[in-house]
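[1] The following block contains a protein sequence and its predicted model.
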Amino acid sequence: MLPLRGSGVSIMGILNVTPDSFSGDGAYHDVGCAVERAAALLSEGADIIDIGGESTRPGANPVPVEEELQRVLPVIRAVKEQLSVQVSIDTSKPEVMEAAVSAGASMVNDVYALRRPGALEMAVRLNVPVCLMHMQGTPPNMQTAPAYTDVVREVSHFLSSRVRAGEAAGIARRHLMVDPGFGFGKTFQHNVQLLRGLSGLAAVGTPIVVGVSRKAFVRRLASVEQEDDDQTAQVSAGLALYAVSQGAAVLRVHDVALTRNLVRTWEAMASPPLDDGNAQLYGSLV
């Protein structure tokens with residue numbers, strides 16, 4: 001089963017256990033700190049915790065398999081032992097996928113969309129939900145000179161092709177999600193065009209995951225200063241809500257409570273009429 005709520009939008013809380021995360025939140029490579037952060041994300045309303053041990057920020061260099069395993073496995077085990085929450089592993093390496101699922105992860109989130117050698121076969125064998133992301137280039141070079149004729153059409157075509165590849169290999173469609181990959185091999189204008197055209201990805205036929213949280217284009221879009229984390233969080237949550245209005249089913253975010261409250265309030269107000277159940281939900285948010 002996909003890690004989706006029975007109704008409404010699912011919130012994926014980001015837990016980076018890297019020393020060089022693009023968002024500056026990678027201080028959780030200490031297991032104790034990581035579990036505390038996961039607990040906080042869960043208490044704020046996260047439906048799943050996405051744990052990553054390799055930075056995919058622009059210019060990032062690859063991390064050896066063993067180093068990535070040393071970063072993520074102790075955290076996954078500790079989170080699963082101490083908290084009742086689903087865990088996703090953010091990796092593109094088949095060895096890490098296998099070990100992470102064995103340690104308790106129940107989903108794979110792959111920025112390479114299972115294109116690395118052995119990744120597709122491993123995903124088939126693991127039989128867990130997979131998120132396939134679009135990225136033009138690779139993290140070391142993806143922002144050098146990204147180019148598209150029609151970014152929405154090209155991203156949609158790529159994701160559709162990866163879904164077909166997954167199905168052909170033996171992954172059930174019900175186990176697949178797609179992520180357009182905001183900030184991954186895209187200019188500011190590409191990101192804005194892709195967000196505006198997000199509803200066009202519905203043709204792919206799977207749930208859409210959106211991660212705009214703390215991305216550079218978010219700050220630029222709202223003219224937010226680099227060091228203003230509060231404003232960045234607010235703008236990120238606002239764009240996440242816009243993504244929901246365009247069909248996003250899962251939001252991958254750093255600021256769970258802020259995003260959750262916006263989305264749940266919007267869901268309550270968008271559900272006519274405002275019955276007792278919706279009124280109770282709305283009342284819990286104010």
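    On my side now, so go ahead.

[2] name the element R77 belongs to?
    If you go by DSSP states H and E, R77 is part of helix 65-82.

[3] scratch that, I14 is what I was asking about
    strand 10-16.

[4] Can you tell me the strand partners of that strand and which way each runs?
    Partner strands and pairing direction for strand 10-16 (DSSP bridges) are strand 48-52 (parallel), strand 250-253 (parallel).

[5] can you pull the contacts of S223?
    If a contact means CB atoms under 8 Å, 6 or more residues apart in numbering, then S223 has no contacts. The way it works is simple: take the backbone N, C-alpha and C, and place the C-beta from them, glycine included.

[6] brain fart, R71
    Contacts of R71 (CB under 8 Å, 6+ apart): 17-18, 29, 53-54, 63.

[7] that older thread, which of the strands paired with strand 10-16 is buried the deepest?
    Stretch with highest mean neighbour count among the strands paired with strand 10-16: strand 250-253 (a mean of 28; mean count of other CB atoms under 10 Å).

[8] Now do that strand: distance to the chain's middle.
    With CA atoms, centre = their mean, to the nearest Å as the basis, strand 250-253 stands 5 Å off its chain's centre.

[9] now stretch 52-63
    That offset, for stretch 52-63, works out to 15 Å (CA atoms, centre = their mean).

[10] What of stretch 206-213?
    Counting by CA atoms, centre = their mean, stretch 206-213 comes out at 6 Å from the chain centroid.

[11] got the CA coordinates for that stretch in CSV?
    Below are the C-alpha coordinates for stretch 206-213, written out as CSV (Å, rounded to 0.1, in the frame of the first residue of the first chain):
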residue,chain,number,x,y,z
THR,A,206,-0.2,7.9,-10.2
PRO,A,207,-0.3,10.0,-7.0
ILE,A,208,1.9,13.1,-7.3
VAL,A,209,4.5,13.9,-4.7
VAL,A,210,5.6,17.6,-4.4
GLY,A,211,8.7,18.9,-2.6
VAL,A,212,9.2,22.6,-2.8
SER,A,213,10.1,23.1,0.9
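
[12] Just confirm V130 contacts R173, I think it does.
    No: in this structure, V130 is not within contact of R173 by CB atoms under 8 Å, at 11.0 Å.

[13] between these two, which one's more packed in?
    V130 (28 against 11; other CB atoms under 10 Å).

[14] bridging residues for that one?
    Residues in beta-bridge contact with V130 (DSSP bridges): V108, L176.

[15] Just the pLDDT for it.
    Looking at V130, its pLDDT is 99.

[16] residue contacts, it?
    Here V130 is in contact with 107-110, 114, 123, 166, 171, 175-177 (CB under 8 Å, 6+ apart).

[17] Looks like P146 contacts N191 (just checking).
    No: counting by CB under 8 Å, P146 stays clear of N191, with 9.9 Å between them.

[18] ok, these two, which is more surrounded?
    N191 (25 against 17).

[19] OK, contacts around that one?
    So N191 contacts 182-183, 215, 217 (CB under 8 Å, 6+ apart).
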